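>>> Prediction below, plus the sequence it came from.
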Amino acid sequence: MTAQLIDGNALSQQLRTQVAQRVQALKAKGLTPGLAVVLVGDNPASQVYVRNKVKACQDSGLHSVLEKYEASMTEADLLARVEALNQDPSIHGILVQLPLPAHIDAQKVIEAISPAKDVDGFHMASAGALMTGMPGFWPCTPYGCMKMLESIQYNLKGKHAVVIGRSNIVGKPMALMLLQQNATVTICHSATPDLKAMTLQADVIVAAVGKRNVLTADMVKPGAVVLDVGMNRNDEGKLCGDVDFEGVKKVASYITPVPGGVGPMTITMLLVNTLEAAERAST
Ligand code: GUN
């Protein structure tokens with residue numbers, strides 16, 4: 001068997017076309033959705049990410065501002081900027097790029113963002129909304145994974161989903177989203193004694209650890225669906241995921257590539273959340 005690819009670029013393009021249409025409809029009513037992206041310091045990966053986020057906004061007709069600050073910025077100054085953006089009616093979504101410099105308490109900054117503008121979905125109010133099934137913003141990466149499953153019309157009801165990784169940004173919210181769709185969910189992590197025993201039972205596997213070759217072909221049940229959230233570099237410096245793609249694609253029914261899989265979907269769902277924030281603000 002050779003797995004079919006779930007193409008994150010193609011799906012993103014479809015979704016971004018829909019976003020652009022909804023943006024135009026809002027603009028016709030006099031409202032332009034706006035995203036503020038705040039970058040503190042000069043982490044090279046973060047610089048690329050924020051540039052891509054701002055460019056995606058421009059391409060879909062959203063207003064965006066990029067605020068860049070020195071790594072020496074104080075926590076108090078950053079909190080003041082967040083508060084100013086909370087009050088700014090032209091801004092519907094606020095994203096503070098992580099990681100922040102060590103002297104700034106990232107959680108404190110996240111909690112300072114108004115939940116109504118928390119398009120990253122990292123605020124405690126957003127996490128609580130996801131957990132209880134209330135309206136709120138879902139973190140973009142797991143949200144993008146759910147859209148990928150939807151795109152292949154995958155019915156999660158009664159299926160066993162195994163999530164590898166328990167971060168607040170991906171693993172934990174991913175598990176809750178899968179649960180909401182009636183999957184039986186197992187979360188595995190660094191203290192799981194026998195990862196392979198778990199993944200071999202899985203109909204759906206989401207790998208979100210940040211380490212190469214966490215999932216190899218011998219760990220995958222034939223026909224399983226494999227979503228790769230990893231963003232790593234191999235020995236040649238090429239971008240690769242957490243999954244041994246060449247091996248696993250021979251066993252899985254569907255697989256997401258890296259690059260061109262979950263990555264573009266993360267930015268797409270950020271646009272969706274920002275649009276949604278603006279639509280909510282307009283009603
Ligand atoms: N750093 C890496 N991924 C993300 C993300 O999705 N949002 C933010 N704010 N920072 C990140």
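Structure's in. What do you need?

>>> what helix or strand is the residue of the stretch 1-150 of the chain found nearest the ligand on?
For the stretch 1-150 of the chain, the residue closest to the ligand is L98, as judged by CB to the nearest ligand atom, at 3.7 Å. For glycine as for every other residue, the C-beta is placed from the backbone atoms N, C-alpha and C. Here L98, judged by DSSP states H and E, is contained in no helix and no strand.

>>> Can you report how many residues lie near it?
Using other CB atoms under 10 Å, L98 has 15 neighbouring residues.

>>> Please verify my assumption that it contacts Q107.
No - counting by CB atoms under 8 Å, Q107 is not a contact partner of L98; they are 10.3 Å apart.

>>> Output stretch 113-121 as PDB, nothing but the C-alphas.
Output of stretch 113-121 as PDB, limited to C-alpha atoms (Å, rounded to 0.1, in the frame of the first residue of the first chain):
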ATOM      1  CA  ILE A 113      -4.500  39.200  25.600                       C
ATOM      2  CA  SER A 114      -8.200  39.700  25.500                       C
ATOM      3  CA  PRO A 115      -9.900  36.300  25.000                       C
ATOM      4  CA  ALA A 116     -12.000  37.900  22.300                       C
ATOM      5  CA  LYS A 117      -8.700  38.500  20.400                       C
ATOM      6  CA  ASP A 118      -6.900  35.400  21.300                       C
ATOM      7  CA  VAL A 119      -6.600  34.000  17.800                       C
ATOM      8  CA  ASP A 120      -3.700  31.700  18.800                       C
ATOM      9  CA  GLY A 121      -6.100  30.000  21.200                       C
END
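
>>> Now do it: everything it contacts.
Identification of contacts with stretch 113-121 by CB atoms under 8 Å, 6 or more residues apart in numbering yields 35, 82, 85-86, 91-96, 110, 123, 125-127, 130, 136-140, 143, 173, 270, 273-274, 277, 280-281.

>>> Same question for stretch 35-48.
50, 53-54, 57, 62-71, 73, 78, 81-82, 85, 88, 91-101, 104, 119, 270, 274.

>>> again, only this time at 7 Å
50, 53-54, 57, 62, 64-69, 71, 73, 78, 81, 85, 91, 93-97, 99-101, 104, 119, 274 (CB atoms under 7 Å, 6 or more residues apart in numbering).

>>> Same question for stretch 187-197.
With contacts defined as CB under 7 Å, 6+ apart, stretch 187-197 is touched by 162-166, 171, 175, 198, 219.

>>> Which of these fall in helices?
Judged by DSSP state H, these include 171, 175, 198 as members of helices.

>>> Format these as CSV; extra columns: distance to V248 and pLDDT.
Listed next are these as CSV, based on distance: CB to CB, whole Å; pLDDT from 0 to 100:
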residue, distance to V248, pLDDT
G171, 19, 98
A175, 21, 98
M198, 15, 98
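
>>> List buried residues within those residues.
Neighbour counting over these (16 or more other CB atoms under 10 Å) leaves 171, 175, 198 as the buried ones.

>>> wait, the second one sits on V163?
By that I understand A175. Yes - in this structure, A175 is within contact of V163 by CB atoms under 7 Å, at 4.9 Å.

>>> Overlap in contacts, the two.
Common neighbours of A175 and V163 (CB under 7 Å, 6+ apart) are 185, 187.

>>> Next, count neighbours for M219.
25.

>>> now do G30
Burial of G30 is recorded as 7 neighbouring residues (other CB under 10 Å).

>>> Please apply the same query to T283.
Burial measure for T283: 4 neighbouring residues, criterion other CB under 10 Å.
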